[in-house]
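Visitor: just coords:
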């Protein structure tokens, strides 16, 4: 299991893990709209031990371990991953389809207010009356996955054109322009619109006019997976004993390709979405079309987060940073890509296990990047305060940033939401200068090093923590015999 994040650096100082970290995956970019911006490789450690370790990877940016690697000869096996490994990216497909629609609109071959029935015959009259804009924004009221969504559970093949046509001959579930009602069937219909307008199969036209036109080399609209490329298999929920079964992930989505079929990499997604920013200097869409894509059409009224849907994009804000992008779930996979236009930043997270949701992982990455954007790179006095340490009650990460050391909590989706801050007062000595009311405000912090100079113990006030391997050995000695 792995996650990959896309970031890049500029004159602003980003944390060391956002530039390079051994044994991990990730690639990204900043939209080069400020002088001095340059691409930089961002890596997050890969791990195959489940959600807890997974959260650790994307937050602290340290560690490593066994992962899932797609070897050049075919499906993934154990090993390291990087941003060039292909995975199913599911509903990211909707953004590609939306870009295709906007390309046709710019060529005056269709309009956003065209009714679907103008281009596709055989629809129920109410479905035929829905507009392309309503379909793009999930405001058409159409059924989500059909009467049997077993294709998402691998119980049956994905729908073909005939099955979609039968479903769309039925009336919408709710009236159009009522609320945000997500619909994969609606995007399957947009795929049919593209075919009707262009006279070509969706796969052929979108591959030429969107994927290749955008300069992407590791993206296809559907399976089969090209031979000889690295491809990461998905994984099931944990079974008894925590064991997971691999999911091949190479099944065709047929008429659902426009909604959920795409195969891509963190590298390609970062490149593609970065160029959809209204401020991007180069793109296959005009600035006006890009502004339309990210314009908020519907708010999700029942979400605990401030989320909206545009035209094939999800929009929101994390820690004061406004973003747009998309997420996706496929059997055995989770993915999310966000663009923060004001920062010129793109983050893409791909996970080949459904139990490690990419949405909160992406938020955690944004929180960390925002912290370093505000406070700057670690100063000289705090640079040696790093590592992960465990005790009987949990695990903490020392995160040097600016002139302070944060005691981050890797068990939380936002690892820096409620953390203590340490001011370094001398070699291996400091004091907690910011803490919650139930913390240890004002108490001493010290590091104990071994003969080689590595940190052997972390003392936060009166609590001793040690590296995870040491802690595991101590627990075995203390409790293993019982």
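Guide: Happy to help now that I have it. The structure presented is a predicted model; accordingly, all values stated were derived computationally and were not measured. Residues are numbered from 1 along each chain as shown.
Visitor: From now on I want contacts and neighbour counts done on CA atoms only, so please keep to that.
Guide: Fine.
Visitor: Helices along the protein, start to end?
Guide: 51-60, 92-106, 125-128, 132-136, 161-168, 184-198, 202-206, 257-260, 266-274, 287-294, 358-375, 468-479 (DSSP state H).
Visitor: so which of those is the most packed in?
Guide: helix 257-260 (a mean of 30; mean count of other C-alpha atoms under 10 Å).
Visitor: Average pLDDT for it, rounded please.
Guide: Averaged across helix 257-260, pLDDT comes to 98.
Visitor: Please enumerate residues in contact with it?
Guide: With contact meaning C-alpha atoms under 8 Å, 6 or more residues apart in numbering, helix 257-260 is reached by 89-94, 96-97, 184-185, 187-188, 190-191, 202-203, 221-222, 253, 328, 330.
Visitor: Repeat the analysis, applying 7 Å as the threshold.
Guide: With C-alpha atoms under 7 Å, 6 or more residues apart in numbering as the contact definition, helix 257-260 has outside contacts at 90, 91, 93, 94, 97, 184, 187, 188, 191, 221, 222.
Visitor: what's the answer for stretch 465-477, then?
Guide: Contacts of stretch 465-477 (C-alpha under 7 Å, 6+ apart): 388, 389, 390, 391, 456, 457, 458, 459.
Visitor: Please compute how far it lies from its chain's middle.
Guide: Offset of stretch 465-477 from its chain centre (C-alpha atoms, centre = their mean, to the nearest Å): 33 Å.
Visitor: and what of stretch 197-205?
Guide: Centroid separation for stretch 197-205 versus its chain: 29 Å, with C-alpha atoms, centre = their mean.
Visitor: First-to-last residue distance for that stretch?
Guide: Terminal residues of stretch 197-205 are spaced 11 Å apart (C-alpha to C-alpha, to the nearest Å).
Visitor: quick one: average pLDDT of it?
Guide: Stretch 197-205 carries an average pLDDT of 98.
Visitor: Just give the strands next to the longest strand along the chain in its sheet, each with its orientation.
Guide: Longest strand of the chain, by residue count under DSSP state E: strand 321-330. Using DSSP bridges, the strands paired with strand 321-330 are strand 314-318 (antiparallel), strand 333-340 (antiparallel).
Visitor: hmm, who's touching the last one?
Guide: By that I understand strand 333-340. Here strand 333-340 has contacts from 88-89, 234, 273-274, 321-329, 345-354, 357-359, 362, using C-alpha under 7 Å, 6+ apart.
Visitor: can you list the weak-confidence ranges in the protein?
Guide: The chain contains residues with pLDDT under 70 at 1-80, 481-482.
Visitor: Tell me which residues of stretch 144-156 come out buried.
Guide: Buried residues in stretch 144-156, counted by 16 or more other C-alpha atoms under 10 Å: 144, 145, 146, 151, 152.
Visitor: Give me the distance between the two termini of that stretch.
Guide: Start-to-end, stretch 144-156 (C-alpha to C-alpha) is 17 Å.
Visitor: can you list contacts of it?
Guide: Against stretch 144-156 from outside (C-alpha under 7 Å, 6+ apart): 157, 158, 167, 182, 183, 184, 185, 330, 331.
Visitor: For residue 314, name its beta-bridge partners.
Guide: In this entry, residue 314 is beta-bridged to residue 309, residue 325, by DSSP bridges.
Visitor: show me the contacts for residue 100.
Guide: Taking C-alpha under 7 Å, 6+ apart, we find residue 100 in contact with 206, 210.
Visitor: With that, I have no additional questions.
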